[in-house]
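Peer 1: my questions concern the predicted model and sequence given below.
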Amino acid sequence: MTETSSPSASPAIELIGLSKTYAASKKAPAKTALHGIDLTIPRGSIFGLLGPNGAGKSTAINILSGLVNKTAGTARIMGYDIDTETRLARASIGIVPQEIAMDVFFTPYQAMELQAGYYGVPKAERRTEEILDALGLLDKRDAYVRQLSGGMKRRLLIAKALVHNPPVLILDEPTAGVDIELRRQLWEYVQVLHQRGTTVILTTHYLEEAEALCDQIAIIHQGRIVANESKDTMLSRMDKRMLVITPTETLDTVPAALADLSAVIEDGNLIISYLKGTDSVTGLLNRVKDAGLSIADLRTDQPDLEDIFLQLTYGSDVPT
Ligand SMILES: Nc1ncnc2c1ncn2[C@@H]1O[C@H](COP(=O)(O)OP(=O)(O)OP(=O)(O)O)[C@@H](O)[C@H]1O
């Protein structure tokens, strides 16, 4: 194994031209799940990888964990190439899977010890009790996994992913189907890991979760990265507002006098996009009146991360 990279200067994750095409089977034609994606995840970030079902998130994660072979491109974890420095790359990452599939005949303590053995963590360096304690499972250390609640099993999955103290932790849909209290606990623990310097990557369908936790967000859609920016930049798109005007007479097209505005007609309403703090709503209303429209009703709408997400992934009707 050659170790030519310079891990200390490298990002936590670096994907360059990463592609995956699943081969055709009797039941389905070949499917390209990733179209040469480039993605850099900085060290120490809490990074949200968002995308609708089937976008390619699991494929990307499974390539990093070695479950799926890529078709082309390069993937590095903490600077270690998954092809040429496989062992170091694997040791650098912990993955908490979506599915709760566990051997029910082990206790949490035994499950942790087995996992530590799998990663070759020497007995003296194991932190089994410390990790179980951090995840609120110490009092269940000797219970059978089958006796644990769904939330406890999920926490045990996180505990197992931490046995080798990986600098990068990937949580695949960590709070799907989890109650509010457990979600809050998991969020708190993610913050603790973050404060300790762990790079945390999470996939989630809950945009609220990404908004609360992540400092950087990438959106993947049909195997392509369609946005990748800091959360603040993504949220600053929210300076955009929509002025929704219901005219007294139904409109089919934007009046020519308003053609220079960012405006569309939807369900007979005139929707004008503007920037809060930059454009004057009074000025816009005067323009509308000068165009000869009389206003029956009006309101302003604010896009949120959900709108931005839909706009980027479904070409939704949020005006830009
Ligand atoms: N083993 C496989 N064989 C063939 N096609 C696959 C395989 N695994 C995934 N795909 C296809 O590749 C595409 C991407 O799937 P992937 O599971 O990576 O998406 P995802 O973003 O993780 O979705 P989800 O949020 O539903 O888990 C989908 O069209 C999926 O049907």
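Peer 2: Yes, it's here. Numbering: from 1, shown residues only.

Peer 1: check the burial of Arg224 by counting its neighbours.
Peer 2: Arg224: 14 surrounding residues under other CB atoms under 10 Å. Heads up, the C-betas are built off the backbone N, CA and C, glycines and all.

Peer 1: also Leu285?
Peer 2: A count of nearby residues for Leu285, using other CB under 10 Å, gives 16.

Peer 1: got a list of what it touches?
Peer 2: Taking CB atoms under 8 Å, 6 or more residues apart in numbering as the contact definition, Leu285 lies against Leu243, Ile295, Leu298.

Peer 1: switch the cut-off to 10 Å
Peer 2: Leu243, Ile245, Ile272, Leu293, Ile295, Leu298 (CB atoms under 10 Å, 6 or more residues apart in numbering).

Peer 1: buried subset of the residues you listed, written for ChimeraX?
Peer 2: Applying 16 or more other CB atoms under 10 Å to the contacts of Leu285, the buried members can be selected in ChimeraX as follows:
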select :243,245,272,293
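
Peer 1: okay if I get the contacts of Leu285 as a markdown table plus pLDDT, distance to the ligand and secondary structure?
Peer 2: Converted to a markdown table, the contacts of Leu285 look like this (pLDDT from 0 to 100; distance: CB to the nearest ligand atom, whole Å; DSSP: H, G, I helix; E, B strand; the rest coil):
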| residue | pLDDT | distance to the ligand | secondary structure |
| --- | --- | --- | --- |
| Leu243 | 91 | 35 | strand |
| Ile245 | 94 | 38 | strand |
| Ile272 | 93 | 35 | strand |
| Leu293 | 92 | 44 | coil |
| Ile295 | 92 | 43 | strand |
| Leu298 | 92 | 38 | strand |
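
Peer 1: format the contacts of Leu285 as a markdown table; extra columns: distance to Ser25.
Peer 2: Output for those, formatted as a markdown table (distance: CB to CB, whole Å):
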| residue | distance to Ser25 |
| --- | --- |
| Leu243 | 51 |
| Ile245 | 53 |
| Ile272 | 50 |
| Leu293 | 57 |
| Ile295 | 58 |
| Leu298 | 55 |
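
Peer 1: contacts for the helix or strand hosting Arg184?
Peer 2: Taking DSSP states H and E as the criterion, the element that holds Arg184 is helix 180-195. With contact meaning CB under 10 Å, 6+ apart, helix 180-195 is reached by 44-46, 94, 96, 134-136, 149-152, 154-155, 158, 162, 169, 171, 174-176, 178-179, 198-200, 202, 206, 208-209, 212-215.

Peer 1: tell me the mean pLDDT for it?
Peer 2: In this model, helix 180-195 has an average pLDDT of 85.

Peer 1: can you give me the buried ones in it?
Peer 2: Leu182, Arg183, Gln185, Leu186, Tyr189, Val190, Leu193, His194.

Peer 1: same check on stretch 135-143?
Peer 2: Leu135, Leu137, Lys140, Arg141.

Peer 1: chain center to it, what's the gap?
Peer 2: Relative to its parent chain, stretch 135-143 has a centroid offset of 29 Å by CA atoms, centre = their mean, to the nearest Å.

Peer 1: likewise stretch 183-192?
Peer 2: Centroid separation between stretch 183-192 and its chain, computed with CA atoms, centre = their mean, is 16 Å.

Peer 1: now stretch 67-86
Peer 2: 20 Å.
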